[in-house]
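1. Let's see this in three dimensions:
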Amino acid sequence: MEGSIKIGRLFGIPILIHFTFLLIIPLFAWIIGSDISFTVLKLNEIFRVNIDGTLIYNGFIPYLLGVIITLGLFIGVFIHELSHSLVAKRSGIKIESITLLFFGGIASIDEQEPNPRTELVMALAGPVASLILGLIGISFLYLFAIFMEPSPITGLLMYIFGYLGILNILLFGFNLLPAFPMDGGRVLRAFLAGRMPLYKATSIASTIGKGFAIVFGLIGLIVLSPLLILIAFFIYIGAGQESEVTRFNFLLKDVTVGDIMSSPVTTVSPVMSLQDVMNLMYDTKHLGFPVNDLDTLTGIITLSDLARTPAIDRDAKQVRDVMTREVIIISPNSQVIDALRIMTQKAIGRIPVMDNGKLIGIITKSDIFTVIELREL
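-> Numbers count the residues shown, from 1 in each chain. Next up, the predicted model:
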């Protein structure tokens, strides 16, 4: 994910932090620190304890506690996502990375059609981890209350563990809402997928998820909560994207690149002028061409390459001056869904098809979406 930095690996999984995570820490610390009196009162009421607030209310301590609790919460979120990932790895699914963002964490899992039983266990692993963390936090609160002498330090520890316990319990409950693509939504999809095709189960779970997102968004507007509005936005977008991916996987199943590629391929010479390439685009209605030099693929030139060159220079410059030299290629035996995934990840519109070192065709996004439309009939 763009804007992320790698901070290490755990169980072979790259761990990333997005820049938004660093921005949210001071905001959360300020919110928690500003509301410290209210939360101490609520913890006393909920757990029937008496937290000594002598240190808690002192000077800058409320905001330091805000930082500690924010970091503790995100450690809980990380463990939540790690639980998903470890269950996935045990099932033979590749985990690309775990990224911490401003609204939580995301485990990037290799896209493939999930087995309903595997997905059910994966989906439940995260909330169960959050529940266990929450119960551990509450248990420590009571251990401090029962076995330690009342003191400002004891009060400080009770506050931290009690607050984190409550937050992880809330994380457990929130994630089990059937709002796809959240964990509860994935549990719902796994349940439905045992009774109908996966793409239909995904469509139903996605529609329910979008409904929850609209409700969250409306509540966020009513109570003026930017965070709830952002969560609603990401749930809505995520539900739609996941539904589309599953639909594409279903419609493109067993379709290979060789089945739909365009062949023979129109190629251009590296010494062709850019104006001639633009004229060729007008004539053929194609927006990109492989560059061949003595039957060797040396690059690819697209409309975006031409757009970077001022119109006045297009007669003087040649293809080799602006073409993309590092060409992504694909085999005719590859699955079309893999080609679409590559195009989406790399933000490209076409991939040359090579077989035994020879250019035999080209596949474009428009080719793929045409096939999708035809297979939906």
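
2. number of nearby residues for the residue lying closest to residue 194 once chain neighbours are set aside?
-> Excluding its sequence neighbours, the residue lying closest to residue 194 (CB to CB, 6 or more residues apart in numbering) is residue 116, at 5.1 Å. Backbone N, C-alpha and C define where each C-beta goes, glycine included. When neighbours are defined as other CB atoms under 10 Å, residue 116 has 16 of them.

3. Could you tell me the average pLDDT over the strand or helix carrying residue 341, please?
-> Secondary structure from DSSP states H and E places residue 341 in helix 336-346. Averaging pLDDT along helix 336-346 gives 88.

4. what residue ranges in the stretch 101-250 of the chain score low on pLDDT?
-> For the stretch 101-250 of the chain, applying pLDDT under 70 flags the ranges 102-105, 107-114, 227.

5. returning to that earlier point: ok now do the residue nearest to residue 194, which residues does it touch?
-> Contacts here follow CB atoms under 8 Å, 6 or more residues apart in numbering; on that basis residue 116 touches 189-191, 193-194, 198, 201.

6. Show me which parts of the helix holding residue 341 are buried, residue by residue.
-> Using 16 or more other CB atoms under 10 Å as the burial criterion, the residues of helix 336-346 that qualify are 336-337, 339-341, 343.

7. Now do the domain split for this structure, please.
-> Using automatic domain parsing, the domains assigned to the chain come out as 4-251, 257-375.

8. Pick the most buried one from the ones you listed.
-> domain 4-251 (a mean of 18; mean count of other CB atoms under 10 Å).

9. now that one, how far from the chain's geometric center?
-> 14 Å (CA atoms, centre = their mean, to the nearest Å).

10. From what I see, residue 331 and residue 257 are in contact.
-> Yes - in this structure, residue 331 is within contact of residue 257 by CB atoms under 8 Å, at 6.9 Å.

11. Need the residues touching each of those two.
-> residue 353.

12. returning to what we had before: reformat the buried residues of helix 336-346 as CSV; add distance to residue 131.
-> Shown next, in CSV, are those (distance: CB to CB, whole Å):
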residue, distance to residue 131
336, 41
337, 36
339, 41
340, 38
341, 34
343, 40
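
13. Among the residues you listed, pick out the one closest to residue 141, please.
-> Taking CB to CB as the measure, residue 141 sits nearest to residue 341 out of the buried residues of helix 336-346, at 46.6 Å.

14. Show only the entries of the contacts of residue 116 found in helices.
-> The helices, defined by DSSP state H, take in 189-191, 193, 198, 201 from these.

15. okay, those in TSV with distance to residue 79 next?
-> Listed next are the ones in helices among the contacts of residue 116 as TSV, based on distance: CB to CB, whole Å:
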residue	distance to residue 79
189	24
190	22
191	25
193	27
198	29
201	28
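
16. Return the member of those residues nearest to residue 93.
-> residue 190 (14.2 Å).

17. Surely the closest one is in contact with residue 119?
-> Yes - here residue 190 reaches residue 119: they are 4.5 Å apart, a contact under CB under 8 Å.

18. all strands for the chain, in order.
-> Counting by DSSP state E, one finds strands in the chain at the ranges 4-10, 13-18, 95-101, 104-109, 288-293, 296-302, 350-355, 358-364.

19. Would you mind measuring from the residue nearest to residue 194 to residue 92?
-> Separation of residue 116 from residue 92 (CB to CB, to the nearest Å) stands at 16 Å.

20. Likewise for residue 19?
-> Residue 19 sits 33 Å away from residue 92 when distances are taken as CB to CB.

21. among the strands of the chain, which gets the worst mean confidence?
-> Across the strands of the chain, the lowest-scoring stretch is strand 104-109, with a mean of 67.

22. can you map out the helices along the stretch 151-300 of the chain?
-> 152-175, 183-193, 198-222, 226-251, 257-260, 274-284 (DSSP state H, counting those that start in this stretch).

23. What lies in contact with stretch 281-290?
-> Stretch 281-290 is contacted from outside by 265-268, 277, 280, 297, 299-303, 327, 349-350, 352, 359, 362, 364, using CB under 8 Å, 6+ apart.

24. Any idea how far apart the tips of that stretch sit?
-> With CA to CA, to the nearest Å as the measure, stretch 281-290 spans 13 Å from end to end.

25. Off-centre distance for it?
-> 34 Å.

26. same check, this time on stretch 329-349
-> Distance, centroid of stretch 329-349 to centroid of chain: 19 Å (CA atoms, centre = their mean).

27. cool, and stretch 343-361?
-> In terms of CA atoms, centre = their mean, the centre of stretch 343-361 is set 25 Å apart from its chain centre.

28. Can you tell me which of the buried residues of helix 336-346 comes closest to residue 313?
-> residue 343 (28.9 Å).

29. which ones are touching the nearest residue to the closest one once chain neighbours are set aside?
-> Spatially, and ignoring its direct neighbours in sequence, residue 343 is nearest to residue 365 (5.5 Å; CB to CB, 6+ apart). Listed by CB under 8 Å, 6+ apart, the contact set of residue 365 reads 340, 343, 349-350.

30. Quick check, pLDDT for residue 365.
-> 91.

31. and it, how far is that from residue 302?
-> Separation of residue 365 from residue 302 (CB to CB): 12 Å.

32. okay, and the common contacts of those two?
-> Common neighbours of residue 365 and residue 302 (criterion: CB under 8 Å, 6+ apart): 349-350.
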